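Chemist: Just the structure for this:
(one chain, ligands or ions: 1)
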Amino acid sequence: MDTSKGLVLVVEDEPAIADLERLYLTRAGYGVHVERDGTGVVDVVRRLGPVLIVLDVGLPGLDGIEVCRRLRAAEDWTPIIFVTARDDEVDRIVGLELGADDYVTKPFSPRELVARVASLVRRAQGPGRVSPLELAGVRLDPASRTVLSAGTEVVLTATEFDLLAALMRRPGQVFTREQLLSAVWGTAHYGGTRTVDVHIAQLRSKLGADAPIRTHRGVGYSATAAGREP
Ligand code: CA
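Modeler: Below you'll find the model as predicted:
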C-alpha cells in the first residue's frame, strides 16, 4: 500500500464514516490511523506525528473542540479539518481562536474531504525556497512558515499564515473576500466570506494594533504599512 503522503489521524466515532474516510484517504496515498473517541488523541498525535487530523466534533469522552483546544494549548499546530453535523457547531468552529484550519459538514463528499486534506497538507508543508516578506515590522518567512512581529515570533495556524502571506505577497493590492477565499481555502470552500473576516480578526488580535492589514469597507482587505485603518 502506498502511504507516502504521510499519516492522517481520523477521529470519528461512527464506524461507517470512519471506514469511508479511511478508504478514500488510503486510496489517495495517505496512511490512516483511526481513533474512536477524543480522550487519547493528544497522546496519539504526540506518538504518531500525523500530517493532519480529521476531527469529528461530536465525540464520546472529549469532544472535537476540546481535543483541538488541548492540542493547541500543548503548542501542537498539526492542521485540523473538523467534521461537523450541525450548524451551531460550525459557528463554534469558525469562531475558534485556537486553530481550526478547515471544516466539512455532514453529509460530505469523501472526494471533497480528500481534496481539502491535500490542499491543507500542501499549504502546511509550504512551497519552499521563497524569500521572506517584510512589511511594517512584520516578517513572514514562507520557507520556515514563521512570522515575527517587532522581532517576536507570533504563532499562527496554517490558515492564518496563508491568509497573511496572500496579502503580504502583494502589498497595497486590495483583495475581495472571494479572492482571498479562493487563494487560501480553494474555490470549492463552503464556508462563505464570513470565514475571511473571522480569520482577519484573529490575525489582527495576534499581530497587535500595528497589524499591517487594512479594511476597505465594502470591498475587502489589503496589506499595507499604514496599518489598520486609514
Ligand atoms: Ca460523532
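Chemist: who in this protein is up against the ion?
Modeler: Within the chain, the residues that sit near the ion (C-beta under 5 Å from the ion) are 13, 56, 58. For every residue, glycine as well, the C-beta is placed using N, CA and C.
Chemist: Which of these fall in strands?
Modeler: Among the residues of the chain next to the ion, the members falling in strands are residue 56 (criterion: DSSP state E).
Chemist: So which of the residues of the chain next to the ion wins on neighbours?
Modeler: The most neighbours of any of the residues of the chain next to the ion, using other C-beta atoms under 10 Å, belong to residue 56, which has 25 neighbours.
Chemist: and that one, how far is that from residue 157?
Modeler: In this structure, residue 56 and residue 157 are 19 Å apart, going by C-beta to C-beta, to the nearest Å.
Chemist: tell me what the lowest-mean-pLDDT helix or strand in the chain is packed against?
Modeler: Across the helices and strands of the chain, mean pLDDT, DSSP states H and E gives its lowest value to helix 87-94, namely a mean of 74. Applying 3 or more C-beta pairs under 8 Å, 6 or more residues apart in numbering; DSSP states H and E, we find helix 87-94 packed against strand 80-84, strand 102-105, helix 194-207.
Chemist: just for the chain, where's the confidence low?
Modeler: 1-4, 94-100, 126-130, 186-191, 226-230 (pLDDT under 70).
Chemist: thought residue 20 was touching residue 109?
Modeler: No: between residue 20 and residue 109 there is no contact, the gap being 10.2 Å when judged by C-beta atoms under 8 Å.
Chemist: Quick check, residue 159 in contact with residue 101.
Modeler: Yes: applying C-beta under 8 Å, one finds residue 159 in contact with residue 101, separated by 4.8 Å.
Chemist: So which of residue 20 and residue 109 has more stuff around it?
Modeler: Between residue 20 and residue 109, residue 20 has the larger neighbour count (other C-beta under 10 Å), namely 16 against 11.
Chemist: All set, thanks.
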